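J.: Give me a model of this one.
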Amino acid sequence: MLEIEKVENVLEALLFVSGDGLKVSDICEQLELQKSEVTAAVKKLQKKYGENSGIHIISYNGKLQLASNPAYSDVLSVVLNPIKEKALSNPAMETLSIIAYRQPVTRLEIENIRGVNCDYAIQALLKNNLIEIVGRKDTIGKPLLFGTTETFLRKFGIENIEDLPNRDALLEKIKEIEESTPELTEEGLYRFDEKTDEETPEFLQGEDVVKIEVDDGGN
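T.: As a prediction, the model looks like this:
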């Protein structure tokens, strides 16, 4: 069993080496620790990596992860992303909001709410790992069902889907993140190259898809 005074250092090393989020339950099981012991170590590390530190410890969906301090995103973008890319479009943000609150939801259900074709908004969100296919609806045609990912939770500082703010607050949060990281493309998030005049996206092939012509700013 790990000595209690070493828990903080071992946890710090685990999060650094992993890169991705680690489940608290897995940490407890593998290190034979109580959840309270891990929680105490996390609090010490959060104090160590304080508000002005370049690194923060974040928690989401029962996981822990090291992440960069968003306060330094502008500086990071200068080094990590010298090539400018288009920001995630307003239609994609609206689509993300609908999926977050209505999940699991089909493409047609999203389009019924927005009133326009959402093929490429969904494609962009899938590409950026903000949403994922979670199954098929038990109805005619078995349409795909979409839901948000752990990346969505982590990027918007949400522990669980139940912690979602109201819709307007979520859209405002998305806008704030986008404006605070105009060039940053960590993991490709919030950036994508818009595509036009393409064939049906691969993830929609096999379904009945009705293509709707829309203006450039309408989708």
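J.: Contact partners for the residue nearest the centre of the chain?
T.: Centroid-nearest residue in the chain, with CA atoms, centre = their mean: residue 152, separated by 2.0 Å. Neighbour list for residue 152: 96, 100, 130, 131, 158 [criterion: CB atoms under 8 Å, 6 or more residues apart in numbering]. Every C-beta, even on glycine, is put in place using the N, C-alpha and C of the backbone.
J.: measure the first one to residue 169 for me?
T.: Spatial separation of residue 96 from residue 169 under the definition CB to CB, to the nearest Å is 14 Å.
J.: swap in the second one?
T.: When CB to CB is applied, the distance between residue 100 and residue 169 equals 11 Å.
J.: Comparing those two, which shows the higher neighbour count?
T.: Higher neighbour count among residue 100 and residue 169: residue 100, with 23 against 10, using other CB atoms under 10 Å.
J.: so the more buried one makes contact with residue 148?
T.: Yes. Counting by CB atoms under 8 Å, residue 100 touches residue 148, with 5.3 Å between them.
J.: Find the residues that touch each one of these two.
T.: The overlap between the contact sets of residue 100 and residue 148 (CB under 8 Å, 6+ apart) consists of residue 161.
J.: circling back: helix or strand: which one has the residue nearest to the centre of the chain?
T.: Assigned by DSSP states H and E, residue 152 falls within helix 150-155.
J.: Off-centre distance for that helix?
T.: 3 Å (CA atoms, centre = their mean, to the nearest Å).
J.: any idea of the mean pLDDT for it?
T.: If you average the pLDDT over helix 150-155, you get 86.
J.: Doesn't residue 58 belong to a strand?
T.: Yes. Secondary structure of residue 58 (DSSP: H, G, I helix; E, B strand; the rest coil): part of a strand.
J.: just the helices in this structure please.
T.: Along the chain, the segments classed as helices by DSSP state H run 7-18, 24-31, 35-48, 73-80, 90-102, 107-114, 119-127, 150-155, 167-180.
J.: Could you list every helix and strand that the fifth one packs against?
T.: Secondary structure elements in contact with helix 90-102, counted by 3 or more CB pairs under 8 Å, 6 or more residues apart in numbering; DSSP states H and E, are helix 107-114, helix 119-127, strand 144-148, helix 167-180.
J.: Could I get the buried residue list for that helix?
T.: By neighbour count with 16 or more other CB atoms under 10 Å, helix 90-102 contains the buried residues 91, 92, 93, 94, 95, 96, 97, 98, 99, 100.
J.: Fine, thanks again, bye for now.
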